[in-house]
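K.L.:
curious how this folds, go ahead:
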Amino acid sequence: MTTDKEKRRAISREAARRRRRVESDVFGDLSHLLPLQPSVRTHLDKPSIIRLTLSYIRMHTLLKGNVQANADCRPSMRYHQLMDRRDRDGAQEEEEEKKKDTVELEINMYLRTLEGFLMVLSTEGDMIFLSDNVSTYMGLTQTELMGHNIFEYTHPCDHEEIRHNLRLTAEEVWCSEKRDFVMRIKSTLAHRGRSANLKSATWKVLHCQGRSKVCVAPSSVSCLLLTCRPLPLSHTLLSTHTFTSQHSMDMRFTYCDQRVTSLLGYSPEELLGRSIYDLCHTLDTNCLNKNHLNLCLKSQSVSGQYRILVRGGGYVWVESHSAVISSVRSSKSRPSAHQPLCILCVTYVLSGVEEPTLQLSLDQTMPRY
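P.N.:
All right, here's what the predicted structure looks like:
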């Protein structure tokens, strides 16, 4: 009996080793199919390989759309196409490699110009794809984030706003509506570009803009295509069509530089104590309200395009990048909390004066300086 037990145990151990060997070979082959650098593939564990594979399958389905369904109906043609690809000569492969390098250079140029990264979100909040420059802004790499849910990395107070932007209505199935919102996400970037642990991550404010993409085919997926830019934006040069201002927490001017006179016609002195809402076009009040709410909740925001009334008549289109400046010293009642001091705004004038004969406020009745 003892000999039989030992034989069964030996057979069971050998079968377990064979299963593990086959499993490792399958995961090894699967990892080589992923479009990643060899140095990255060698550090992937089995759950990461499954997570990234599912993300790339969903991304491939999103890009192909209805073409995938037609290809599945002709497996023999797919086989011949694969065989033809294997039989390509070296010249064609070299030409394709050059094309790939050119495309990669163009993509890198676009990402540098964007000052941010790309993100593709499913309607459930799964991060299907992120551009590889996400580590520059978040500290977390592309492979660490892809396949995870956005709600695992964003601030709990922003979850409802994210769900609202992920939700697709019947109208959006036929016309992709724009998305423009601000959210807080975990960042492991420490001082001087060093990376910290995820447990000690801080919140970084992202300005997300994009559109919803709805695929009609049953095998396809619906998603949001977003460009994510960290705030504040790194604009090193302020042009002549830009002015800076400081405001109290209720958006009243406490300081404004001299360039506002040449752009809007108002002197900095007469703006002190006035609210930005007094200068805003009535139809764009909701835009300022949203920006003001984001500032109070998230400390940074981008207003989007709105109209400011010009002295003498008419209006100009502007966009404000704002941040809340906090006090260095904490209060006695809340030692760990920093009290907000003011709101700093950089306003970019995007157009010339439109409808110069239109006067919507008493302030416009006086001539420009």
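K.L.:
and for Asn197, the neighbour number?
P.N.:
Neighbourhood size, Asn197 [other CB atoms under 10 Å]: 8. Where you see a C-beta, it was placed from the backbone N, CA and C, and this is true even at glycine.
K.L.:
how about Cys256, what does it touch?
P.N.:
By CB atoms under 8 Å, 6 or more residues apart in numbering, the contact set of Cys256 is Phe243, Thr244, Ser245, Gln246, Pro268, Leu271, Leu272.
K.L.:
confirm the first one sits in a helix?
P.N.:
Okay, so that is Phe243. No. Counting by DSSP: H, G, I helix; E, B strand; the rest coil, Phe243 is located in no helix; its state is strand.
K.L.:
and the nearest residue to Thr357 once chain neighbours are set aside, what pLDDT?
P.N.:
Distances taken as CB to CB, 6 or more residues apart in numbering put Gly313 closest to Thr357, at 5.6 Å, once the chain neighbours are dropped. At Gly313, the model reports a pLDDT of 87.
K.L.:
which SSE is Gly313 in?
P.N.:
According to DSSP states H and E, Gly313 maps onto no helix or strand at all.
K.L.:
neighbours around it, how many?
P.N.:
So Gly313, with other CB under 10 Å, has 19 neighbours.
K.L.:
which residues are in contact with it?
P.N.:
Glu355, Pro356, Thr357, Leu358, Gln359, Gln364 are the contacts of Gly313 under CB under 8 Å, 6+ apart.
K.L.:
please repeat the previous calculation with a cut-off of 6 Å.
P.N.:
Contacts for Gly313 were tallied using CB atoms under 6 Å, 6 or more residues apart in numbering; they are Pro356, Thr357, Leu358, Gln359, Gln364.
K.L.:
please enumerate the strands of the stretch 151-300 of the chain.
P.N.:
178-187, 202-213, 223-230, 242-247, 253-256, 300-309 (DSSP state E, counting those that start in this stretch).
K.L.:
adjacent strands (with direction) for the fourth one?
P.N.:
Right, the one you point to is strand 242-247. Applying DSSP bridges to the sheet, strand 242-247 is found paired with strand 253-256 (antiparallel), strand 338-349 (antiparallel).
K.L.:
coming back round to it: ok, of the contacts of Cys256, which come out buried?
P.N.:
Among those, those classed as buried by 16 or more other CB atoms under 10 Å are Phe243, Ser245, Gln246, Pro268, Leu271.
K.L.:
so where's the chain shaky on pLDDT?
P.N.:
Applying pLDDT under 70 to the chain flags residues 1, 65-101, 103-104, 169-176, 190-196, 215-221, 233-238, 327-338, 367-369.
K.L.:
pull the longest strand from it.
P.N.:
Ranked by residue count and defined by DSSP state E, the top strand of the chain is strand 315-330.
K.L.:
what residue lies at the spatial centre of this structure?
P.N.:
Central residue of the chain (CA atoms, centre = their mean): Cys228, 2.3 Å from the mean position.
K.L.:
how close does Arg13 sit to Cys228?
P.N.:
50 Å (CB to CB, to the nearest Å).
K.L.:
with Val22 instead?
P.N.:
41 Å.
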